[in-house]
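1. this one's sequence-less:
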DNA sequence: ACTCGACCTGAAAT
DNA sequence: AATTTCAGGTCGA
């Protein structure tokens, strides 16, 4: 257990702190000068990278093992990339963003985070998470600056809708409160989801007995991928749906591809039925690495769409 | 099972 | 400058 830690990244193939934090997979972190500051459990971390040298500074003691796990450094990215490089779109995405990794976030944090993340753009989500942490998290000083840890659901559960509304959550306030109460009520909720297969967990969260109000198909996939290490989850948001047929060029049977193209052109909101079809097709193509495929498609897809305009 | 409008809020677009 | 649109979707009729 240490406060300072230096990791030699040459052991792990490509890794970019900037890509990881700018990929939209995690909220509540900010870059000041060349340092990334953000909460990890009850600690605030300061991360910086100069080529293969990753420096970690922590407000309390942490273990190297934890950090390596958190940063997803154990993923065999060379194997992942080889498996996903199936067409021109994917090869381009990988050559640009190969240095991105999926972080292993705290499960309950991802539930609260992605409940906030619906129907808002990323800067707005960052603002909500920042205000939420400022109000309900613990204060931590690091490098002469004040930071806040991510709020625990127990603290949110003791709050009320009016107090949460002041954070600017809008209709998500009720979702956060209800989810926090449910997690407090069912102390085994997190562990049960952890032990389930991806499919069972998704069904439970979206339509089963463990359903949380505000958790739909997309939010469930984000929670399961980023919080529960269900790597075959394939969250489909507006960006992924916009580039879906391009990203899957030559990877689906022509009939299927044509059907998706027509449906996706027709409407920009996915119903549960179409969502499942698109996500299941993605899993058929990308298998156990569908989560990484989604991150590549999201990141490169946004570049691609910006370039089109 | 499928469709549709409503939903908090604030920044960006018109 | 006032008004509309849009944003990592989901709910309920």
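-> The structure has been received and is ready for your questions. As the structure is a prediction and not an experimental result, all values here were calculated from the model. Numbering: from 1, shown residues only, chains lettered A, B, ... in the order given.

2. And the pLDDT for whichever residue of chain A sits closest to DNA strand B?
-> Nearest residue of chain A to DNA strand B (Cβ to the nearest atom of the strand) works out as residue A:170 at 1.8 Å. The C-beta positions use only the backbone N, C-alpha and C, and glycine is treated the same way. What the model reports as pLDDT for residue A:170 is 97.

3. In which helix or strand does it reside?
-> Using DSSP states H and E, no element contains residue A:170; it sits outside every helix and strand.

4. which helix of chain A spans the most residues?
-> Scanning chain A for the helix with the most residues, using DSSP state H, yields helix A:290-308.

5. For the stretch 201-309 of chain A, what lies in contact range of DNA strand B?
-> By the rule Cβ under 7 Å from any atom of the strand, the part of the stretch 201-309 of chain A lying against DNA strand B is A:267, A:269, A:271, A:272, A:273.

6. So for the fourth one, what's the nearest residue that isn't a sequence neighbour?
-> In this structure, residue A:272 finds its nearest non-sequential neighbour in residue A:217, 5.6 Å apart by Cβ to Cβ, 6 or more residues apart in numbering.

7. Give me the neighbour count for the one you found.
-> 21 (other Cβ atoms under 10 Å).

8. what helices or strands is the longest helix of chain A leaning on?
-> helix A:77-84, helix A:88-97, helix A:238-247, helix A:272-286 (3 or more Cβ pairs under 8 Å, 6 or more residues apart in numbering; DSSP states H and E).

9. gap between residue A:200 and DNA strand C?
-> 18 Å (Cβ to the nearest atom of the strand, to the nearest Å).

10. Based on its surroundings, how many neighbours for that residue?
-> Counted with other Cβ under 10 Å, residue A:200 comes out at 14.

11. Show me what counts as buried in stretch A:280-293.
-> A:281, A:282, A:283, A:285, A:286, A:289, A:290, A:291, A:292, A:293 (16 or more other Cβ atoms under 10 Å).

12. Chain A against DNA strand C: which residues are in contact?
-> Checking chain A against DNA strand C by Cβ under 7 Å from any atom of the strand, the hits are A:23-25, A:114, A:117-122, A:124-125, A:171, A:213-220, A:222, A:235, A:237-240, A:269, A:298.

13. Could I have the buried ones of those as ChimeraX selection syntax?
-> Listed next is the ChimeraX selection for buried residues among the residues of chain A next to DNA strand C, using 16+ other Cβ under 10 Å:
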select /A:23,24,25,114,117,118,120,125,214,215,216,217,218,219,220,222,235,237,239,240,298
